[in-house]
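need the 3D shape of this:
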Amino acid sequence: MFDESKFDLHLKLWALRIPRELCKSVTRLLNGHLLDRPRIKPITEDPTCAKNRLMILSEKVTNSDLSEIPEEKLDQVKELCEIEVVPYGLTLGYSYWSAGHVAHLNIHDDLLPFKDTIAKVIYDKNYPRIKTVVNKVGTITNEFRVPQFEVLAGQKDMVTEVKQYGATFKLDYGLVYWNSRLEHEHTRLVSLFSPGEIICDMFCGIGPFAIPAAQKGCAVYANDLNPNSVNYLKTNAKINKVHDRVFAYNMDARKFVSHLMGSPNIEINKESDNSECRSNEVCNIQSCEETSTENPIGAGEVKEAPENVSDDLHVVRNSSKSTDTTIAAQKRPSDDHPVGNENVRHAGESLNSGRKGSTNKRLKASELPNAKPWEHVDHVIMNLPASALQFLDAFRGVIKRKYWKGPLPFIHCYCFIRADETKEFILSKAESALNARIQDPVFHKVRDVAPNKAMFCLSFRLPEACFSDDTADTTLCSGGQV
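As a prediction, the model looks like this:
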């Protein structure tokens, strides 16, 4: 008989009992020291008092004296409230280790002769919750970075539904890229954005960053070279009712940046780039011309919940700055603060996220920031770790100083770092691509992808040297050479 209890994992942890109204502040202070497990929230109700919450600490915190947490962090928490350390037990059962109607396997070579037997056991023991069992075949070599799968058992239905960060995503595993292990990173990065900010997503996929950012009240310009990804982005924007805040593009990432952030009269070659948006028009989900056939809609479901929000960047709000203030007049981030978020508020400053509660009304397109993307963008997401560093050259001289308002955007560039590479080496590659020095870079480790290879997010403010002046060569950064 199949014994599901054999899959149970019992964790003995510590938790802090704090007033519920202080959860957000304490979460920020204890960044990196809270439980970090997929689909497990680190904040839970206190069974002894409805006015308190339990903040579950990381598995690395093994002592009740919390000696693994820096003393200065604990002192800051104690200034807010009196804390109580209590033991907390957590059991991850059989259902935690599987999800959705598609079971995605990566069977090792030595087990491949038994792949059909493995798939049949998984299918038989989990049907009807698991309806399709697939195995990844080979390495990712195609243009769109989409894995190849073989169906080992069940229906040949690769269309499923994923729930993440309060959003629902439809996707076809055979046509687009998706990795549920990145849920925590999606949550972390979106937590840095504020309502009313303008986001540029250069490699958006089906929208794991774009959709929650739009739910938060941001205007999102999202691009992907894969037309199937763009179609599912549109579908997911409609499902999550943010289609009036997501502007979809299907073109080469360099041309997308030039088209979006360059001068407003840039023309796009219709034959060469397969763009959905031409000339200086900005098309939203409702008005964009379809680039491929209508998406199939599946009934599969993956039940997931957001993880702990990890924030390696100090978020500094300077809402008093005017949208018309030029970059020369803006304060540069001080050396004491790694990559701050000194955003410039536009007409959308008063926007609310409108995600929860019946009293929050959805934001309308007319409430979005008035600034055009060639005038201001707050954040640029470059989530293509295998090659995103190479695309940094797209920012050389593309932004025209005479049009731009406020500080330059934060760049969040994902990359892989191998065991024999250093952060300084990666930074030098980024500076070489930009042809400019990067100030106050922040590296955030996302996850290990192999024994000698890890995924990181490099965040920094785009250097002012990448501005284009009227007299400068628009194909190169205006100074600041490495």
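
wait, a helix at Leu389?
Yes: under DSSP: H, G, I helix; E, B strand; the rest coil, Leu389 falls within a helix.

that one against Ser428, yeah?
No: using C-beta atoms under 8 Å, Leu389 is not in contact with Ser428, being 10.2 Å away. Any C-beta I mention is one placed from the backbone N, CA and C, and that applies to glycine too.

looking at the two, which one has more neighbours?
It is Leu389, of Leu389 and Ser428, that has more neighbours when counted by other C-beta atoms under 10 Å, with 22 against 13.

for the helix or strand containing Leu54, which helices and strands make contact with it?
Taking DSSP states H and E as the definition, Leu54 sits inside strand 52-56. Secondary-structure packing of strand 52-56 (3 or more C-beta pairs under 8 Å, 6 or more residues apart in numbering; DSSP states H and E): strand 9-19, helix 23-29, strand 43-45, strand 84-92.

closest to Lys445 out of these?
Evaluated over the helices and strands packed on strand 52-56, closeness to Lys445 peaks at helix 23-29, with 18.8 Å, by C-beta to C-beta.

look at the closest residue to Arg447 other than its chain neighbours and give its secondary structure.
Distances taken as C-beta to C-beta, 6 or more residues apart in numbering put Met455 closest to Arg447, at 5.5 Å, once the chain neighbours are dropped. State at Met455, reduced to three classes by three-state DSSP: strand.

hmm, Met455 is touching Val449, no?
Yes: with contact defined as C-beta under 8 Å, Met455 counts as touching Val449 (5.4 Å).

where along the stretch 1-150 of the chain do the helices fall?
Assigned by DSSP state H, counting those that start in this stretch, the helices in the stretch 1-150 of the chain fall at 23-29, 71-80, 115-126.

for these, give me TSV that also has mean neighbour count.
Compiled in TSV, those are given as follows (neighbours: other C-beta atoms under 10 Å):
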stretch	mean neighbour count
helix 23-29	16
helix 71-80	13
helix 115-126	16
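
what's the closest of those helices to Leu9?
Nearest to Leu9, of all these, is helix 115-126, at 18.4 Å by C-beta to C-beta.

and the closest one, what's its mean pLDDT?
For helix 115-126, mean pLDDT is 82.

return the list of helices and strands in contact with that helix.
strand 102-105, strand 132-137, strand 148-154.

of these, which is nearest Ala222?
Closest approach to Ala222 among these is made by strand 102-105 (24.4 Å; C-beta to C-beta).

each with direction, which strands does the closest one pair with?
Applying DSSP bridges, strand 102-105 is found paired with strand 132-137 (parallel).

the inter-axis angle of the partner strand versus strand 148-154?
150 degrees (axes from the mean of the first three to the mean of the last three C-alpha atoms, to 10 degrees).

contacts for strand 132-137, please.
Strand 132-137 is contacted from outside by 101-107, 115, 119, 122-123, 147-158, 173, 300, using C-beta atoms under 8 Å, 6 or more residues apart in numbering.

how about 6 Å then?
With C-beta atoms under 6 Å, 6 or more residues apart in numbering as the test, strand 132-137 has contacts from 102-107, 119, 122-123, 147-155, 157.

where does this protein have low pLDDT?
The chain contains residues with pLDDT under 70 at 1-8, 38-39, 93-100, 104, 138-147, 265-371, 470-482.

all helices for the stretch 151-300 of the chain, in order.
Taking DSSP H, counting those that start in this stretch as the criterion, the stretch 151-300 of the chain carries its helices at 183-190, 210-215, 227-239, 253-261, 270-273.

re earlier: quick check: which of the helices of the stretch 1-150 of the chain is nearest to Ala222?
Once those are compared by C-beta to C-beta, helix 23-29 is nearest, at 27.6 Å.

got a list of contacts for the closest one?
Counting by C-beta under 6 Å, 6+ apart, Ile18, Ile43, Arg53, Lys73, Gln76, Val77, Leu80 sit against helix 23-29.

swap in stretch 455-467?
Under C-beta under 6 Å, 6+ apart, the answer for stretch 455-467 is 339, 385, 395, 399, 401, 408-417, 436, 438, 441-447, 449, 477-480.

among the residues you listed, name the buried ones.
Among the contacts of stretch 455-467, those classed as buried by 16 or more other C-beta atoms under 10 Å are 339, 385, 395, 399, 408-417, 436, 438, 441-444, 446, 477-478, 480.

just say which of the helices of the stretch 151-300 of the chain is most tucked in.
Per residue and on average, the most neighbours among the helices of the stretch 151-300 of the chain fall to helix 210-215, with a mean of 28 (mean count of other C-beta atoms under 10 Å).

dump the residue contacts of Phe391.
Here Phe391 is in contact with Ala253 (criterion: C-beta under 6 Å, 6+ apart).
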